[in-house]
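**Q** Please find the sequence and the predicted model below.
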Amino acid sequence: MERTKQKKNNGVVVRNKDQMQSYIMTTAKYDFNVYEKRILYRLVELAQCELQGLKFPEDCRKVEHTLWGNLTVTLPVTSILSNEDDNNYTKAKKALIALSQKYFEYEDEKTWEKINIIVLPKIQKYKSTFTFQIDPRIWSCCLDFTKGFRKYELVTAMNFKSVYTMRFYELMSGQKAKMSFSLNHLKEMFQVTDKYKLTADFIRKVIEPAKKELDECSPYTFEWTPQKEGKKIVGFCFYPILQPQFRDNDLYRQEIQKQTNLSWDLNRQVLGYLKLSLGFSDKEIKNNRAVFIAAQFELPDILGELAILKGKSRDKGNPKGYIINALKGKLKDKQG
């Protein structure tokens, strides 16, 4: 029997899943090591579980919302290890110290933000757990899909040995079209502008090792070509490549099933409200699936929005069409 891949350390099991990550987080500027990245992967996982009304993973000890808006997260130390031991909590301590001193920096044409990743890190040695607080904007960043998202296998991402492999995997996963980045943008994204001043060093230390590790075990890898101005390399074109032999078979079957099973994409409460209160049939929901999924992720209170639209739609000639178009309008407004 084929089984879904799992990551197991000292009794802790991280179950594989297709995890969605905000493109804002995927392309944010930061320089984290492997253990710091694994903490972030777990944050994304927990945030999406809460959003979708799912149970937290078995190894999650606690997620609490404080009176001041911050969130307190408690996880076992072993949940960020991959076939490793850390009996002295050295790796966990270093990752927590580093994350407490770092921040997300995101900038687009409208805004610039700088947010500390975590505060108040603590390790409970006898319980073998670690705890920290995060700003609610970090939690929101995990769920901000206004700029799109990347979907990747959680266990696959957590098992990579290089943080550069992790980042390229996030960028390439699920993609089919060519992606182009300027050299400066890519170096800023990875925060290595001062580390690899020579382009040849950047290629040798970042791009080529990441490609090699992806080639060996990842569902997605890439080919690349340089973009030149004269003889000078000013950017890169990346061509995503699917390696189906490394795809988790159970997750692939679930992916196919999602195309027909609405409950994979939509929260049970949302699905129930659409059917029972608004009278949508399965076929009508499937025809507008993308709108409902986007609204579920993007609108803070999707059930409240639907209830308001239900009242406004009563005197409309096509109530369901009105609701669909109203949701599209709200999503467009949110995206600016």
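**A** Everything's here; your move.
**Q** what are the ranges of the strands in this structure?
**A** Across the chain, reading from the start of the chain, the strands by DSSP state E fall at 6-9, 12-15, 18-22, 62-65, 71-76, 103-107, 112-116, 119-124, 129-134, 149-153, 179-182, 220-229, 232-242.
**Q** Y35 is nearest to which of those?
**A** strand 129-134 (11.0 Å; C-beta to C-beta). Every C-beta, even on glycine, is put in place using the N, C-alpha and C of the backbone.
**Q** what packs against that closest one?
**A** The helices and strands touching strand 129-134, judged by 3 or more C-beta pairs under 8 Å, 6 or more residues apart in numbering; DSSP states H and E, are strand 71-76, helix 90-100, strand 119-124.
**Q** quick one on the thing from earlier: quick one: closest of the strands of the chain to D31.
**A** Using C-beta to C-beta as the criterion, the shortest distance between D31 and the strands of the chain is 10.6 Å, found for strand 103-107.
**Q** ok, residues contacting the closest one?
**A** Surrounding strand 103-107, the residues in contact under the criterion C-beta atoms under 8 Å, 6 or more residues apart in numbering are 24-25, 28-30, 112-117, 138, 141.
**Q** Reformat these as a markdown table; add distance to I308, neighbour count and pLDDT.
**A** Listed next are the contacts of strand 103-107 as a markdown table, based on distance: C-beta to C-beta, whole Å; neighbours: other C-beta atoms under 10 Å; pLDDT from 0 to 100:
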| residue | distance to I308 | neighbour count | pLDDT |
| --- | --- | --- | --- |
| I24 | 28 | 20 | 74 |
| M25 | 30 | 22 | 78 |
| A28 | 34 | 18 | 77 |
| K29 | 38 | 17 | 78 |
| Y30 | 38 | 20 | 78 |
| W112 | 33 | 8 | 83 |
| E113 | 30 | 14 | 79 |
| K114 | 35 | 10 | 80 |
| I115 | 31 | 16 | 81 |
| N116 | 36 | 16 | 83 |
| I117 | 36 | 22 | 84 |
| I138 | 29 | 21 | 80 |
| C141 | 27 | 22 | 74 |
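**Q** Would you indicate which residues of stretch 97-117 are buried?
**A** 98-100, 102-104, 106, 115-117 (16 or more other C-beta atoms under 10 Å).
**Q** quick one: low-confidence parts of the stretch 1-150 of the chain?
**A** Scanning the stretch 1-150 of the chain for pLDDT under 70 picks out the ranges 1-18, 51-61, 106, 143, 145-146, 149.
**Q** let's see 90
**A** Applying pLDDT under 90 to the stretch 1-150 of the chain flags residues 1-33, 39-71, 74-92, 99, 102-119, 125-129, 134-150.
**Q** Quick check: the gap between K122 and T72.
**A** K122 sits 10 Å away from T72, going by C-beta to C-beta, to the nearest Å.
**Q** what do these two both touch?
**A** Shared contacts of K122 and T72 (C-beta under 8 Å, 6+ apart): 131-132.
**Q** who has more neighbours, the two?
**A** Neighbours were counted for K122 and for T72 using other C-beta atoms under 10 Å; T72 has more, 15 against 12.
**Q** re earlier: mind checking which of the helices and strands packed on strand 129-134 is nearest K195?
**A** With C-beta to C-beta as the measure, helix 90-100 is the member of the helices and strands packed on strand 129-134 nearest K195 (15.6 Å).
**Q** for the closest one, packing partners?
**A** Contacts of helix 90-100 with other secondary structure elements, assessed using 3+ C-beta pairs under 8 Å, 6+ apart, are made with helix 34-51, strand 119-124, strand 129-134.
**Q** Can you name the residues in contact with it?
**A** Outside helix 90-100, the residues within contact range by C-beta under 8 Å, 6+ apart are 32-33, 35-36, 38-39, 77, 80-81, 84, 86, 116-119, 121, 123, 130, 132.
**Q** Same check on stretch 170-190?
**A** Under the contact criterion C-beta under 8 Å, 6+ apart, stretch 170-190 has outside partners 21, 26-29, 31, 150-153, 157, 164, 167, 193, 196, 199, 202, 206, 214, 219-222, 227, 233-241.
**Q** Output it as PDB, nothing but the C-alphas.
**A** What follows is stretch 170-190 as a C-alpha-only set of coordinates in PDB (Å, rounded to 0.1, in the frame of the first residue of the first chain):
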ATOM      1  CA  GLU A 170       8.300  27.500  -3.200                       C
ATOM      2  CA  LEU A 171       8.800  29.600  -6.300                       C
ATOM      3  CA  MET A 172       8.600  26.600  -8.800                       C
ATOM      4  CA  SER A 173       6.000  24.400  -7.100                       C
ATOM      5  CA  GLY A 174       2.900  24.100  -9.300                       C
ATOM      6  CA  GLN A 175       4.200  26.500 -11.900                       C
ATOM      7  CA  LYS A 176       4.200  26.000 -15.700                       C
ATOM      8  CA  ALA A 177       5.300  29.300 -17.100                       C
ATOM      9  CA  LYS A 178       8.700  30.800 -17.300                       C
ATOM     10  CA  MET A 179       9.700  33.100 -14.500                       C
ATOM     11  CA  SER A 180      12.200  36.000 -14.800                       C
ATOM     12  CA  PHE A 181      14.000  37.800 -12.000                       C
ATOM     13  CA  SER A 182      16.600  40.500 -12.200                       C
ATOM     14  CA  LEU A 183      19.900  39.500 -10.500                       C
ATOM     15  CA  ASN A 184      19.500  42.400  -8.000                       C
ATOM     16  CA  HIS A 185      15.900  41.500  -7.200                       C
ATOM     17  CA  LEU A 186      16.800  37.800  -6.600                       C
ATOM     18  CA  LYS A 187      19.700  38.700  -4.400                       C
ATOM     19  CA  GLU A 188      17.600  41.200  -2.400                       C
ATOM     20  CA  MET A 189      14.800  38.600  -2.000                       C
ATOM     21  CA  PHE A 190      17.300  36.100  -0.600                       C
END
